[in-house]
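[1] The following comprises the amino acid sequence and a computationally predicted model.
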Amino acid sequence: MAKAVNFLIWMLVSLFVLTLVTLPISLQTHLVAAFLCMALLAILKVMKAEGNWRLIGLGFGTAIVLRYVYWRTTSTLPPLNQLENFIPGFLLYLVEMYSVAMLALSLFLVSMPLPEKKKRPGTTAYRPTVDVFVPTYNEDAQLLANTLAAAKNMDYPADKLTVWLLDDGGTVQKRSATDIPSARAAERRHAELSRLAADLDVKYLTRERNEHAKAGNLNNGLKQSEGELVVVFDADHAPARDFLLETVGYFEEDPKLFLVQTPHFFLNPDPIERNLNTFGHMPSENEMFYGLIQRGLDKWNASFFCGSAAVLRREALQDTDGFSGVSITEDCETALALHGRGWNSVYVDKPLIAGLQPATFASFIGQRSRWAQGMMQILIFRQPLFKGGLTFAQRLCYMSSTLFWLFPFPRTMFLIAPLFYLFFDLEIFVGSGGEFLAYTMTYMLVNLLMQNYLYGRFRWPWISELYEYVQTVHLLPAVISVMLNPSKPTFKVTAKDESITQSRLSEISAPFFIIFAILIAAMGMVVYRLYVEPTKADVTLVVGGWNLLNLIFAGCALGAVTERGDKSAARRVTVKRRCEFKVGDAWYPAVIDNVSVDGLLVHVYDQSLAPLKAGNIEAIRVKPYSEGIPDTMAVNVVRSSKGEGEAISVGCTFAPQRALDHRLIADLMFANSAQWSEFQMGRRRNPGLIRGTLSFLGIAAYQTNRGLYYMLRGLGSARPKLPVPAPAKGR
């Protein structure tokens, strides 16, 4: 009875809103209503209103969006008999409706997020057997050593935990290849990783052939293991000590649970935030997904497997014959199959692993291309909207996750739409400049206010648009290719061990400079058209403003694709941990200030100790969190100086003498999950729409100049040098 009453109320409210949206009102009335709605949203945001007030504010904002949709649909489309105007005009209309649909799906997901999960569910007696899978293809042995060591360091009964190194780079197929150098490289890798696994007490497993990429590798691990639960970590995803304690208990509480997914936290910035220099003070691009979207999906039992940092139930995986491998995003596809069979998932919003992001813009685009193509394959092959066994809410959730990757189409259309008018005099939008400004500007402002209300702590204004733009240039052909041939894309491993030692233009940056030049020319056309067609000044100014916004994004992108040199080999993390430092035969009290996977900074407290000589091999001793970990390891002094007070500051690199030493490195670097949460929370602040916009404009201005500087410098270095004539010899 209660559900029927709620449905009836919802229907009546919906009819009332639709009636208001379709009322014939003047432009002035629309502006007054829109600004009242924006004022209400702003007040509710300042008051941090939640619950029903939050829904009321979003409801008023949605009414303005629907009013725009109604006006756009009934009053602005070019006549059908003018195909040169109608076709691009209708395409623009379609991508705008796509954007409205994605906004609606976002509101469905995150308008009322769930409260945080309870900590450490289940009983302390519940300790099922666990197999930890670390799949690898071409990753470096040292990177794998740290991940495997961190997995071995997890707080869990040793007899219930088995760590597996699943090596797809040393398969029999690769070791038997007709290409002798490649075959020898695979043999060397096979031998090296076998020794590493034996030294760390980890099981090494490879297979006959490289079939079905990562999904096939994981399924081979399933066949050879028998743990009740399966944990998957990417090769560069090192877990904290409490990873299993924070996740395993959920499986005791829900026998139909197939997945506990945790967020992916990254030690290093992605290439764009490194190039923009925003890593330390602005939320990362992926935080909106892991900090908000996944929680919204979890509300509808639709949080999905993200390929790593997750625990899965073996019984559930057996229900679908293992990990799915039709698409190149086996993670989301596997979750879709299991949700369709009635299994449940849980998302734990606490970073429990630390990983690495691609270092170069080219690798970043390669990674995102794989995600986009894989999601398109799921949309085409699995058709989540019609997938049997899903609830209606789950269908919408999966449609939101897959349809998102169509964003290159609207981004491209929004970029080129002003050019149709400025260069070709096409009228793809029927209406005066005043109408366009009144309806479109209020729609955009309301949209921005709603986004800032919902995502303000996780995504600053205009940053999403910038990320989408810089990806669109290269993702558009990738998405089109999978639409034309859904079976064509193949799984490609993302490089994570690259480094940028000197600032330079990305090797795939040329299209951004071409687009920037075209938009500059379009601004010239604005001035020209204002001069020769003063009667159309209102339309020209509005279109020119649109093109100027595109130009700001394009200019900022020049800096985003200009690789910023990073001399530090790895990201350092503050730990503040007591230790002892050995110099010669004596041990001195010390504190570890910060640590990376390569080394650490130690403050040694002894007034009699002089700065050490670079190149000295010393040692460090620290009490590890877990048993079975060596407490002493050799370090190589890189620099040393007199610090404040009694301390000598010593910068060292690790000098592991055996594979087991990596367990101490992992204990120092990854054991404490609280440090990841503290770092994230330190960046999660909402600057507001005005300050956020001003901040973005400042970034855009600086990055435009930076990108142009490196372009000109590159052109200068590429210019052939003329031979200098030899001086004439005197008689």
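    Received the coordinates, thanks.

[2] Phi first, then psi, for the residue nearest the centre of the chain.
    Geometric centre of the chain, nearest residue: Asn286, 3.2 Å, by Cα atoms, centre = their mean. Dihedral pair for Asn286: phi -80, psi -10, per degrees, to the nearest 10.

[3] in the stretch 501-650 of the chain, which ranges drop under the pLDDT threshold?
    567-570, 644 (pLDDT under 70).

[4] same deal with the stretch 1-150 of the chain?
    Looking at the stretch 1-150 of the chain by pLDDT under 70, you get 1-14, 16-17, 20.

[5] neighbours around Glu627, how many?
    7 (other Cβ atoms under 10 Å). In this view, the C-beta of every residue, glycine as well, is placed from N, C-alpha and C.

[6] That one and Ile514: what is the separation?
    60 Å (Cβ to Cβ, to the nearest Å).

[7] got it, and Lys256?
    53 Å.

[8] Can you mark which positions in the helix ranked longest in the chain are buried?
    Using DSSP state H to define each element, the chain has its longest helix at helix 689-718. By 16 or more other Cβ atoms under 10 Å, the buried positions in helix 689-718 come out as 689, 692-693, 695-696, 699-700, 703-704, 706-708, 710-711.

[9] what's the closest of the residues you listed to Leu476?
    Distances from Leu476 to the buried residues of helix 689-718, taken as Cβ to Cβ, are shortest for Gly707 (20.9 Å).

[10] what's that closest one in contact with, if anything?
    By Cβ atoms under 8 Å, 6 or more residues apart in numbering, the contact list for Gly707 reads 505, 512-513, 555, 557-562.

[11] okay, it: pLDDT?
    If you check Gly707, the pLDDT there is 95.

[12] Also Glu465?
    95.

[13] now swap in the one 3 residues further on and tell me
    Predicted confidence (pLDDT) for Glu468: 96.

[14] Helices of the stretch 1-150 of the chain, start to end?
    For the stretch 1-150 of the chain, the helices defined by DSSP state H, counting those that start in this stretch cover 2-21, 27-46, 52-75, 83-110, 141-152.

[15] And the next helix or strand past the last one?
    Moving toward the C-terminus from helix 141-152, the next helix or strand (DSSP states H and E) is strand 161-167.

[16] now that following strand, how far from the centre of its chain.
    26 Å (Cα atoms, centre = their mean, to the nearest Å).

[17] Now do that strand and helix 141-152, the angle between them.
    Per axes from the mean of the first three to the mean of the last three Cα atoms, to 10 degrees, the angle that strand 161-167 makes with helix 141-152 is 160 degrees.

[18] elements contacting strand 161-167?
    On a contact count with 3 or more Cβ pairs under 8 Å, 6 or more residues apart in numbering; DSSP states H and E, strand 161-167 meets strand 130-136, helix 141-152, helix 180-199, strand 203-205, helix 213-224.

[19] Over to Glu315. Which of the three states is it?
    helix (DSSP: H, G, I helix; E, B strand; the rest coil).

[20] How about the contacts made by it?
    Neighbours of Glu315 in contact, by Cβ under 8 Å, 6+ apart: Glu228.

[21] distance of it from Cys306?
    Where Cys306 is concerned, Glu315 sits at a distance of 21 Å (Cβ to Cβ).

[22] Assess the claim that Ser303 and Phe258 are in contact.
    No - applying Cβ atoms under 8 Å as the test, Ser303 and Phe258 come out as separate, 11.1 Å apart.

[23] so what sits against both of those two?
    The contact lists of Ser303 and Phe258 share Ser345, where a contact means Cβ under 8 Å, 6+ apart.

[24] so what's the nearest residue to Pro78 once chain neighbours are set aside up against?
    In this structure, Pro78 finds its nearest non-sequential neighbour in Asn85, 3.8 Å apart by Cβ to Cβ, 6 or more residues apart in numbering. For Asn85, the contact set (Cβ under 8 Å, 6+ apart) comprises 78-79, 426-428.

[25] Would you point out the most distant pair within those?
    Pro79 and Leu426, at 12.7 Å, using Cβ to Cβ across the contacts of Asn85.

[26] Which one's more surrounded, these two?
    Leu426 (19 against 11).

[27] got a list of what that one touches?
    Leu426 neighbours (Cβ under 8 Å, 6+ apart): 84-85, 88, 420.

[28] Quick check on these: which are buried?
    For these, buried by 16+ other Cβ under 10 Å: 85, 88, 420.

[29] OK, contacts around Leu708?
    Per Cβ under 8 Å, 6+ apart, neighbours of Leu708: Leu558.

[30] Now do Glu50 against Asp155, distance only.
    36 Å.

[31] For those two, indicate the residue with more neighbours.
    Asp155 (15 against 11).

[32] what number of residues lie near Gln471?
    21.

[33] pLDDT wise, what is it at?
    Per the predicted model, pLDDT is 97 at Gln471.

[34] secondary structure element for Asn686?
    Counting by DSSP H and E, Asn686 is found in no helix or strand.

[35] Between which two of the contacts of Gly707 is the distance greatest?
    Leu505 and Gly555 (14.8 Å).

[36] Which one of those two is surrounded by more residues?
    For Leu505 versus Gly555, neighbours defined as other Cβ under 10 Å are more numerous around Gly555 (23 against 19).

[37] Which parts of the stretch 251-400 of the chain are strands?
    257-261, 265-266, 310-313, 344-347, 353-355 (DSSP state E, counting those that start in this stretch).

[38] Adding distance to Ala34, write those strands out as CSV.
    Shown next, in CSV, are the strands of the stretch 251-400 of the chain (distance: least, Cβ to Cβ, whole Å):
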stretch, distance to Ala34
strand 257-261, 39
strand 265-266, 39
strand 310-313, 44
strand 344-347, 36
strand 353-355, 43
